[in-house]
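Asker: no sequence for this one, just the structure:
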């Protein structure tokens, strides 16, 4: 039998609903479209990578604006217009930062040198301590003398100090970029804080009218929860830093202000930040004495229980409602992706996702 033309065979295969084997009608056209699609995707990813820093600035400014939103609403409730309330809240925030930079930061920097000198002296005197001799005699598996020699060499060797100083100089070379980032983030924060309601209304206009009420309710609730969460986390960090300052002053620590600043910064990280800060405070208190360090550790452990079961539920009860496991996973994932800022943002983002699931996904599944 003569071979049938390709078009006739293809038409019969279509009528019989048989699978058509072979190239499409225009293979080069499909290949060209696929190539253009891949190229466009690569170009978009490259553009996003190029403006990643700008996106970080925008995200940080929006996050700060949401953190200022409760204060702006509080001031606006007293009868001031939106722009005036935003100006008062931003001015108060700037004054707090200026007060910190002028009064606290110089003392903390000064105490860094004092603490390093005391740490070197404590490491040199450590082999003469009775408890150290007992540990080195009974715990044979631990080469404490080798570890001590390495730590002392790291802190006293000029070459090591030169290498550390070189790293500090490299960090200092980026101060111009840091100043630029501060200026850009500050300008964007002011703009977002003043125009946040207009921005929300503009976003809602992009949503179909039939879904605009539900979307507006969800968006408002998410933004409110983020603002309350950041304010609550700052309040908890302030309490933690105040307790650390009083405790280290009572214990006679050589750098109480430095430890309080470290405790404040680390307490911004949910769940694990307070634990890390407490460990650092205990290790720093070892320069005073082992007994003092044990007492400080016990008091910090009591404080962590009070914070976890008394302070945090009262402060965060209106901000986010998440299971404990989800908070831990979100905080660790955010810290791995974006450091302290990522950990701080991760928890309200997870809360927003859970809110969408409870308000949209689950009701939709029940109606099916």
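Answerer: Great, that's in hand. Because the structure is a prediction, the values reported are computed rather than measured.

Asker: would you mark the buried spots in stretch 234-250?
Answerer: For stretch 234-250, burial by neighbour count (16 or more other CB atoms under 10 Å) applies to 234, 236-237, 239-241, 243-245, 247-248. No exception for glycine: its C-beta is placed from N, CA and C like everyone else's.

Asker: please parse this structure into its domains.
Answerer: 51-206, 210-362 (automatic domain parsing).

Asker: which of these has the lowest average pLDDT?
Answerer: Among those, domain 51-206 carries the lowest mean pLDDT, a mean of 72.

Asker: thinking again about what came up before, redo the domains of the chain as CSV? Include distance to residue 44.
Answerer: Shown next, in CSV, are these (distance: least, CB to CB, whole Å):
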stretch, distance to residue 44
domain 51-206, 11
domain 210-362, 21
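
Asker: of all those, which lies closest to residue 28?
Answerer: The minimum distance between residue 28 and these falls on domain 51-206, with 34.7 Å, by CB to CB.

Asker: how long is that closest one end to end?
Answerer: Domain 51-206 has an end-to-end distance of 25 Å (criterion: CA to CA, to the nearest Å).

Asker: do the same with stretch 70-85
Answerer: Terminal-residue distance, stretch 70-85 (CA to CA): 11 Å.

Asker: give me the residues contacting it.
Answerer: Contact with stretch 70-85 is made by 86, 88-89, 92-93, 193-194, 197, 227-228, 231, as judged by CB atoms under 8 Å, 6 or more residues apart in numbering.

Asker: redo the residues you listed as CSV? Include neighbour count and secondary structure.
Answerer: Below are these laid out as CSV (neighbours: other CB atoms under 10 Å; DSSP: H, G, I helix; E, B strand; the rest coil):
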residue, neighbour count, secondary structure
86, 26, helix
88, 17, helix
89, 22, helix
92, 13, helix
93, 16, helix
193, 26, helix
194, 19, helix
197, 11, helix
227, 23, helix
228, 21, helix
231, 18, helix
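
Asker: check contacts around the residue lying closest to residue 277 once chain neighbours are set aside.
Answerer: Nearest residue to residue 277, sequence neighbours excluded (CB to CB, 6 or more residues apart in numbering): residue 266, at 3.8 Å. Residues near residue 266 by CB under 8 Å, 6+ apart: 273-274, 276-277, 280.

Asker: most neighbours among those, which one is it?
Answerer: Sorting those by how many neighbours each has (other CB atoms under 10 Å) puts residue 277 first, at 26 neighbours.

Asker: okay, helices next: where are they in the stretch 1-150 of the chain?
Answerer: Assigned by DSSP state H, counting those that start in this stretch, the helices in the stretch 1-150 of the chain fall at 6-15, 27-50, 52-76, 82-99, 105-125, 130-138, 144-156.

Asker: quick one, the second one and helix 52-76 angle?
Answerer: Put plainly, it is helix 27-50. On the basis of axes from the mean of the first three to the mean of the last three CA atoms, to 10 degrees, helix 27-50 is oriented at 60 degrees to helix 52-76.
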